[in-house]
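Asker: What follows is a protein structure lacking sequence information:
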């Protein structure tokens, strides 16, 4: 069985030699939590999975019960170890990857939780976002930053001049908590409140309340951290009325973070990694050098460009710390289109197709979309439009329109959005790229990957093992504890047998489709009024 095959679902390895040592990698995604047992040859020898369940107590609220997350985290690790027939003394390190910008708060001394985990999908702070973006202080900050950028040409001020607070970021939702949950405000005023994203919460529980920490990748994805100076932003914290003493200590992505309490897993396990999901998948795809590009096609499309230093963007590329390993910071500029898998799930629910796996063949079965244009804006349009009020729409339906045309138009729209982000990065970073390394569930769609290759002119490489997020967490954990002595040993362990080369003869038809699509996009912008958000 290949590593990719062994890493998908509750695989077991009952004949595992007891002398072997392993790394555990837990990947907490938007729909499931998976734990993989990884050997020194970078094979996934066993795994386990637990579901992620959401609570929606009222419109716009999307929460997770922290106690359920904790129970299932312990269960998934124990189950994976049991499937591999190993004990804690055979585990040299544990690495954890988490989805970003979701948080909870608790009492500094008792550990009592104040509220559920408020996820990145939660929209309760939409009104506060509008108020904050329209405030005199925010406008003054933007004006001042533009002036300083004009004087200094420093990219840091360019990035600050275009900041807008949106519910997807942790900062504005934390501000909402402090304004609307009296207990949180009271504890904050008393210096007794602790804030943590998923990685922070798990470290706190694993260490028995001894460690309140977050890694650089998660911190820089919070909206409270300044990657240009590598510290929490005192200005943003002041603006959000967030006391800085409630924020976690920022630590390396790969380092000794804590030793778990013995009673959790039946013995102590060293934790050597916590990392944000997109950064973890970039590391797991061996995108380590400036100029490399990683594309994750999942619920959204996330395009990450590895850079030498933080990139200040005027169009919405987000500057984040990619990771910190052995005290060395790496950076990336990220562009996102938030409605990829979301649109596919909607289309399935209304009968466009029965199985997402069929969509590639459906799209290939017709020569073009027959004039149909799909605008994938379930969550607005991000880079380069930055328009939260854009609407998801379909144009050009006629009496001879078939489901295959609709599906092809949708898949082409995903490619067009990715290409727009890449073109933005080419212009802002002043460079072209050699290839695009892809992962994520939607990357199984051959038609989509070929469209991206044709439109960009870059070869698109799909990893054989799509569990690259877990792979990244394993790499960080194994490198930081010495399980693997250096990065070079790992480069050849990530393979790509599916490579999509650009086809010049397909470009004219795709360009014409894109021209029509851009007209459809222009008519979908600013569809919703601000009062209706």
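Answerer: Cool, the structure landed. Please read these numbers as outputs of a predicted model, since none were measured by experiment.
Asker: what's the closest non-adjacent residue to residue 382?
Answerer: Leaving aside its chain neighbours, residue 382 sits nearest to residue 336 (5.1 Å; criterion: CB to CB, 6 or more residues apart in numbering). Every C-beta, even on glycine, is put in place using the N, C-alpha and C of the backbone.
Asker: show me the contacts for the one you found.
Answerer: 300-303, 318, 382-383, 421 (CB atoms under 8 Å, 6 or more residues apart in numbering).
Asker: mean confidence score for the helix or strand containing it?
Answerer: For residue 336, the element it lies in under DSSP states H and E is strand 328-337. When pLDDT is averaged along strand 328-337, the result is 94.
Asker: Tell me the confidence at the residue lying farthest from the centre of the chain?
Answerer: Relative to the centre of the chain, the most outlying C-alpha is that of residue 399, 39.9 Å out, by CA atoms, centre = their mean. You'll see residue 399 listed with a pLDDT of 97.
Asker: which non-adjacent residue is nearest the residue nearest in space to the middle of the chain?
Answerer: With distances taken as CA atoms, centre = their mean, residue 278 lies nearest the centre of the chain, 4.0 Å away. Closest residue to residue 278 apart from its sequence neighbours, by CB to CB, 6+ apart: residue 302 at 5.1 Å.
Asker: Note down every partner strand of whichever strand or helix holds the one you found and its orientation.
Answerer: Here residue 302 sits within strand 301-307, counting by DSSP H and E. Take DSSP bridges as the rule and strand 301-307 pairs in its sheet with strand 293-297 (antiparallel), strand 328-337 (antiparallel).
Asker: which SS state does residue 93 fall under?
Answerer: Per DSSP: H, G, I helix; E, B strand; the rest coil, the local secondary structure of residue 93 is strand.
Asker: Specify the beta-bridge partners of it.
Answerer: residue 23.
Asker: wait, isn't it in contact with residue 21?
Answerer: No. Using CB atoms under 8 Å, residue 93 makes no contact with residue 21, being 9.3 Å away.
Asker: Need the residues touching each of the two.
Answerer: Both residue 93 and residue 21 are contacted by residue 483, under the criterion CB under 8 Å, 6+ apart.
Asker: For residue 113, which non-adjacent residue is spatially closest?
Answerer: In this structure, residue 113 finds its nearest non-sequential neighbour in residue 106, 4.9 Å apart by CB to CB, 6+ apart.
Asker: Give me the distance from the helix or strand harbouring the one you found to the chain's centre.
Answerer: Assigned by DSSP H and E, residue 106 belongs to strand 103-107. Relative to the mean C-alpha coordinate of its chain, strand 103-107 is positioned 21 Å out (CA atoms, centre = their mean, to the nearest Å).
Asker: Please identify the buried residues of it?
Answerer: Across strand 103-107, burial judged by 16 or more other CB atoms under 10 Å covers 103-106.
Asker: what comes up buried for stretch 117-131?
Answerer: For stretch 117-131, a neighbour-count test (16+ other CB under 10 Å) marks 117-126, 128-130 as buried.
Asker: Identify those among those that sit within strands.
Answerer: By the criterion of DSSP state E, membership of these in strands covers 117-118.
Asker: For residue 369, state which of the buried residues of stretch 117-131 is nearest.
Answerer: Residue 369 lies nearest to residue 121 out of the buried residues of stretch 117-131, by CB to CB, at 29.6 Å.
Asker: separation between the residue nearest to the closest one when sequence neighbours are not counted and residue 166?
Answerer: Sequence neighbours aside, residue 62 is the residue nearest to residue 121 in space, at 4.2 Å (criterion: CB to CB, 6+ apart). Remark: distance between residue 62 and residue 166 (CB to CB, to the nearest Å) = 15 Å.
Asker: okay, the two: which has more neighbours?
Answerer: Neighbours were counted for residue 62 and for residue 166 using other CB atoms under 10 Å; residue 166 has more, 22 against 19.
Asker: who's in contact with that one?
Answerer: Contacts of residue 166 (CB under 8 Å, 6+ apart): 129, 172, 388.
Asker: Could you list the low-pLDDT ranges of the chain?
Answerer: 1-19, 149, 161-162, 530-533 (pLDDT under 70).
Asker: Could you find the closest non-adjacent residue to residue 241?
Answerer: Closest residue to residue 241 apart from its sequence neighbours, by CB to CB, 6+ apart: residue 178 at 5.9 Å.
Asker: Please, where are all the helices along the stretch 51-200 of the chain?
Answerer: 66-84, 126-133, 136-152, 155-161, 170-180, 182-189, 198-206 (DSSP state H, counting those that start in this stretch).
Asker: Next, the angle from the last one to strand 103-107.
Answerer: Between the axis of helix 198-206 and that of strand 103-107 there is an angle of 40 degrees, by axes from the mean of the first three to the mean of the last three CA atoms, to 10 degrees.
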